[in-house]
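# How does the following fold in three dimensions:
(2 chains)
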Amino acid sequence: MSDWHAAPASIGQSTAPALSVDHLSKRFGDRIAFDDVSFEVGRGEVFGFLGPNGAGKTTTVRTLGTLIAPTSGSATVAGIPLTPKNGEEIRRRISIMPEAPGLYLRLSVLENLEYFAELYETAHPSERIDYALRAVNLAERARDPCGTLSKGLRQRVALARALLSDPDVLFLDEPTAGLDPVAAREVHQLIGGLRKEGVTIFLTTHRLEEAEHLCDRVAILNTTLRTIGRPNELRERLFARALAVRTVEPLSDPARVFGGLPGVDGWHEDGVALYLLTVSNPATAAPAVTRALVEAGADVLSISESQHSLEDVYLELVDEGVEATRR
Amino acid sequence: MSLSARRIRAVVRKELREYRRNRSVLVAVVIFPLIFLIQPLVAVFIQRSSSATSLAQVHLLLYMLAIPVLAPAVLAAYSVAGERQQGSLEPVLATPIRREEFLTGKALAALLPSVAIAYVVYAVFLACVVVFAQPAVAEALLRLPDILAQLLFTPLLAALSIWIAIAISTRSSDARVAQQLSLVGSLPLVVVTSLIAFDVIHATLRLGLGLGAALLLADLLGWRIVPPMFDRERLIIGTR
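Residues are numbered from 1 along each chain as shown, chains lettered A, B, ... in the order given. Modelled structure (predicted):
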């Protein structure tokens, strides 16, 4: 369990984490939403929170956002202990973009933002609204009723709304759910921009490529926390490193070629004329493999390090959870 | 407990903007004043001078106190359940706003137009009486105590009706059901005002003062009791 407290990326100036969660649990009667969750998020970090439907991601966000109370455990949000008494102060320092934009469809974009700027008691509301509208590239549509906007544009309004309070921690709950690839890419660009500004972002998502692309670290939740770390670390932790060797024709005796090579721990065929070699260090194993192939007279098409995606990590851990619950 | 006037103002402003653009709400709010204006107007216009003395026994103006009871109930019933239904409640609750500020803003937003509409309807009624009714009928109807009672009880009744409707709205997941239940919940107030209007309960100064004090107390109690009923977690999760 100790590696689950893996050190957060220290991008911001302050050493205190933006989020610190310690054995936090939430139950609704007999149903466990999430259980014994512990992690830290550094200031300025983009932290991905992955998991299947019903894993407890949204409930975690709502709990940290003081919308619902935890059943047990403790947390510090934006430097403030998560207690009922501190709810207002925590909400002052954070912003939550829920999965559904929840806009007032009869009001214009500007009116929606004006309302929330007042609720946050923003110091210079007009300037902040201008900034938020420009950040999401919606200044031209400010007077349009939200009901006339597409789903992608509504999502952008919701993101602009989340930026109004200049939050220390920004919770984005499935910000690209239901968006087409172009709209999703725009949201990714916005998150990238916020990251450069040093905003701490807590991102829940189903999209693994999104998490891999945007997040400094990710956690995988399936009621309990399955793992946490940088995407590369997770790959290395879960999967042995491997070389993928592709030849023009299948080798007549691959066991003779790959058997006993230094740094090669094992091998198997992964298709026609495709061999996957388990290696401890690809940099030292690759030259030996190349020499052995040449000596065997093989026509080599490619030798490359086999990369496991975050999706492989996710499936490995989530399937493990499903199997465990079936048992 | 200090409340933020700025956040309350923001809720009121937003609500009023939404009312203006929500045709179904406007229709619902206008329909009750019309219903409760027509009957007294007809009664006045068909009344002959010779029978004007019978009008002195009733308080037609007080009959119209049903307007500030029913009109705001429709608005206030939508306040929480409507937001919850359209998904806008969660983003609001994620801001620093306190439930007392949120509900006070909602209550004021329902109170202001309802009281304004009620006063306009009374003014229209009184103008019609002055201009079109037989002089003896007008004299029997236009009594200063009734007009003062009308002015005083309108905001007090509206406020109580609003707190009843908001209480129902916080416990309801469907805005229409909340509106129907709120109208039912407000009916006892309409019954009491009607009984007084038709002299079943005889109106006296002591009764007026007693009812006024009771309504004021009930309004203050509503302001204290209803916000604790607003449970963020239940409203967000929808169960429990």
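# per-residue confidence for residue 88?
No chain in the question, so chain A it is. At residue A:88, the model reports a pLDDT of 94.
# Chain B, not that one
95.
# contacting residues around it?
With contact set as CB atoms under 8 Å, 6 or more residues apart in numbering or on different chains, residue B:88 has these partners: A:102-104. All C-beta atoms are positioned from the backbone trio N, CA, C, and that covers glycine.
# got a winner among those residues for most neighbours?
For the contacts of residue B:88, the largest number of neighbours (other CB atoms under 10 Å in any protein chain shown) sits with residue A:103, at 24 neighbours.
# for that one, helix, strand, or coil?
Per DSSP: H, G, I helix; E, B strand; the rest coil, the local secondary structure of residue A:103 is coil.
# List phi and psi for residue B:201.
When read as degrees, to the nearest 10, the backbone of residue B:201 gives phi -100, psi 120.
# returning to that earlier point: in TSV, list the contacts of residue B:88 along with pLDDT and distance to residue B:112.
Below are the contacts of residue B:88 laid out as TSV (pLDDT from 0 to 100; distance: CB to CB, whole Å):
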residue	pLDDT	distance to residue B:112
A:102	94	25
A:103	97	24
A:104	96	19
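# Now for residue A:182: which residues touch it?
When contacts are counted by CB under 8 Å, 6+ apart, residue A:182 is found next to residue A:152.
# what's the helix or strand for it?
In this assignment (DSSP states H and E), residue A:182 forms part of helix A:181-196.
# sorry, back to before: which among the contacts of residue B:88 are in contact with chain B?
On the criterion CB under 8 Å from any CB of the partner chain, A:102-104 are the entries of the contacts of residue B:88 that sit beside chain B.
# Go through the residues you listed and name the one nearest residue A:19.
residue A:102 (23.0 Å; CB to CB).
# so where do the helices sit in the chain?
I'll assume chain A. Assigned by DSSP state H, chain A shows helices spanning A:57-64, A:87-93, A:109-119, A:125-135, A:151-163, A:181-196, A:208-214, A:231-238, A:254-258, A:282-295, A:310-326.
# let's do chain B instead
For chain B, helices defined by DSSP H occupy the ranges B:5-21, B:23-46, B:52-55, B:60-63, B:66-86, B:89-93, B:99-132, B:135-141, B:144-171, B:175-197, B:205-229, B:232-237.
# which one of those helices is the most hemmed in?
Of all the helices of chain B, helix B:66-86 has the most neighbours on average by mean count of other CB atoms under 10 Å in any protein chain shown, namely a mean of 27.
# so, in contact with chain A or not, that helix?
Yes - residues of helix B:66-86 contacting chain A under CB under 8 Å from any CB: residue B:86.
# Run through the neighbouring helices and strands of that helix.
Contacts defined by 3 or more CB pairs under 8 Å, 6 or more residues apart in numbering or on different chains; DSSP states H and E place helix B:66-86 against helix B:23-46, helix B:89-93, helix B:99-132, helix B:144-171, helix B:175-197.
# residue contacts, the residue of chain B found nearest chain A?
Closest approach between chain B and chain A, counting by CB to the nearest CB: residue B:10, at 3.3 Å. Contacts for residue B:10 (CB under 8 Å, 6+ apart) come out as A:114-115, A:118-119, B:105.
# Would you write a PyMOL line that selects the buried entries of the residues you listed?
A single PyMOL command selects the buried members of the contacts of residue B:10 (16 or more other CB atoms under 10 Å in any protein chain shown):
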select buried, (chain A and resi 114+115+118+119) or (chain B and resi 105)
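# Let's have the contacts of residue B:10 in a markdown table, adding pLDDT and distance to residue A:50.
Supplementary listing: the contacts of residue B:10 in a markdown table, determined by pLDDT from 0 to 100; distance: CB to CB, whole Å:
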| residue | pLDDT | distance to residue A:50 |
| --- | --- | --- |
| A:114 | 98 | 35 |
| A:115 | 98 | 33 |
| A:118 | 97 | 35 |
| A:119 | 97 | 31 |
| B:105 | 97 | 38 |
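# Just the closest of the contacts of residue B:10 to residue A:66, please.
Lowest distance from residue A:66 to the contacts of residue B:10 (CB to CB) belongs to residue A:119, with 14.7 Å.
# For chain B, see how far away that closest one is.
According to CB to the nearest CB, to the nearest Å, residue A:119 and chain B sit 4 Å apart.
# and that residue, what does it touch?
Shown in contact with residue A:119 (CB under 8 Å, 6+ apart): B:7, B:10-11, B:92, B:95-97.
# Repeat the analysis, applying 7 Å as the threshold.
Contacts for residue A:119 (CB atoms under 7 Å, 6 or more residues apart in numbering or on different chains) come out as B:7, B:10, B:92, B:95, B:97.
# nearest spatial neighbour of it, skipping sequence neighbours?
In this structure, residue A:119 finds its nearest non-sequential neighbour in residue B:95, 4.2 Å apart by CB to CB, 6 or more residues apart in numbering or on different chains.
# Give me the distance between that neighbour and residue A:156.
Counting by CB to CB, to the nearest Å, the gap from residue B:95 to residue A:156 is 19 Å.
# so where's the chain uncertain?
Picked chain A for this. Residue ranges of chain A with pLDDT under 70: A:1-15, A:236-240, A:317, A:319-327.
# Correction: the question concerned chain B.
Looking at chain B by pLDDT under 70, you get B:1, B:49-56, B:239-240.
# Show me which residues of it are close to chain A?
Those residues of chain B that sit near chain A, judged by CB under 7 Å from any CB of the partner chain, are B:4, B:6-7, B:10, B:14, B:17-18, B:21-22, B:87-88, B:90-98, B:232-233, B:236-237, B:239-240.
# same thing but at 6 Å, please
Applying CB under 6 Å from any CB of the partner chain, one finds that chain B approaches chain A through B:6-7, B:10, B:14, B:17-18, B:21, B:87-88, B:90-91, B:93-97, B:232-233, B:236.
# And the residue of chain A closest to chain B?
For chain A, CB to the nearest CB, closest residue to chain B: residue A:118, 3.3 Å.
# any idea which of the contacts of residue A:119 is closest to residue B:134?
Residue B:134 lies nearest to residue B:10 out of the contacts of residue A:119, by CB to CB, at 50.3 Å.
# Run the contact check for stretch A:81-95 versus chain B.
Yes - contact of stretch A:81-95 with chain B (CB under 6 Å from any CB) involves A:88, A:91-92.
# Which one (most neighbours) among those?
Highest count within those by other CB under 10 Å belongs to residue A:91, 25 neighbours.
# who in chain A is up against chain B?
Within chain A, the residues that sit near chain B (CB under 6 Å from any CB) are A:65, A:67-68, A:88, A:91-92, A:96, A:98, A:100, A:102, A:104, A:106-107, A:115, A:118-121.
# Enumerate the positions of stretch A:137-147 that are buried.
Of the residues in stretch A:137-147, those buried (16+ other CB under 10 Å) are A:138, A:141-142, A:145-146.
# That one: end-to-end distance?
18 Å (CA to CA, to the nearest Å).
# quick one: contacts of that stretch?
Residues outside stretch A:137-147 that contact it (CB atoms under 6 Å, 6 or more residues apart in numbering or on different chains): A:103, A:105, A:108-110, A:112, A:133, A:156.
# Dump those residues into JSON lines; add distance to residue A:286 as well.
Shown next, in JSON lines, are the contacts of stretch A:137-147 (distance: CB to CB, whole Å):
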{"residue": "A:103", "distance to residue A:286": "54"}
{"residue": "A:105", "distance to residue A:286": "58"}
{"residue": "A:108", "distance to residue A:286": "60"}
{"residue": "A:109", "distance to residue A:286": "55"}
{"residue": "A:110", "distance to residue A:286": "59"}
{"residue": "A:112", "distance to residue A:286": "56"}
{"residue": "A:133", "distance to residue A:286": "52"}
{"residue": "A:156", "distance to residue A:286": "46"}
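# about what we covered before: filter the buried residues of stretch A:137-147 down to the ones in strands?
Cross-referencing those against strands under DSSP state E gives no overlap.
# List just the nearest of those residues to residue A:301.
For these, the residue nearest residue A:301 by CB to CB is residue A:138; the value is 49.1 Å.
# Using PDB, write down the CA coordinates of the helix holding residue A:182.
Provided in PDB are the C-alpha atoms of helix A:181-196 (Å, rounded to 0.1, in the frame of the first residue of the first chain):
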ATOM      1  CA  PRO A 181     -13.100  14.500 -31.300                       C
ATOM      2  CA  VAL A 182     -12.700  18.200 -32.300                       C
ATOM      3  CA  ALA A 183     -14.600  19.500 -29.300                       C
ATOM      4  CA  ALA A 184     -12.700  17.000 -27.100                       C
ATOM      5  CA  ARG A 185      -9.400  18.300 -28.500                       C
ATOM      6  CA  GLU A 186     -10.400  21.900 -27.700                       C
ATOM      7  CA  VAL A 187     -11.000  20.900 -24.100                       C
ATOM      8  CA  HIS A 188      -7.600  19.100 -24.000                       C
ATOM      9  CA  GLN A 189      -6.000  22.300 -25.200                       C
ATOM     10  CA  LEU A 190      -7.800  24.300 -22.500                       C
ATOM     11  CA  ILE A 191      -6.600  21.900 -19.900                       C
ATOM     12  CA  GLY A 192      -3.100  22.100 -21.300                       C
ATOM     13  CA  GLY A 193      -3.300  25.900 -21.000                       C
ATOM     14  CA  LEU A 194      -4.500  25.800 -17.400                       C
ATOM     15  CA  ARG A 195      -1.700  23.400 -16.600                       C
ATOM     16  CA  LYS A 196       0.900  25.900 -17.900                       C
END
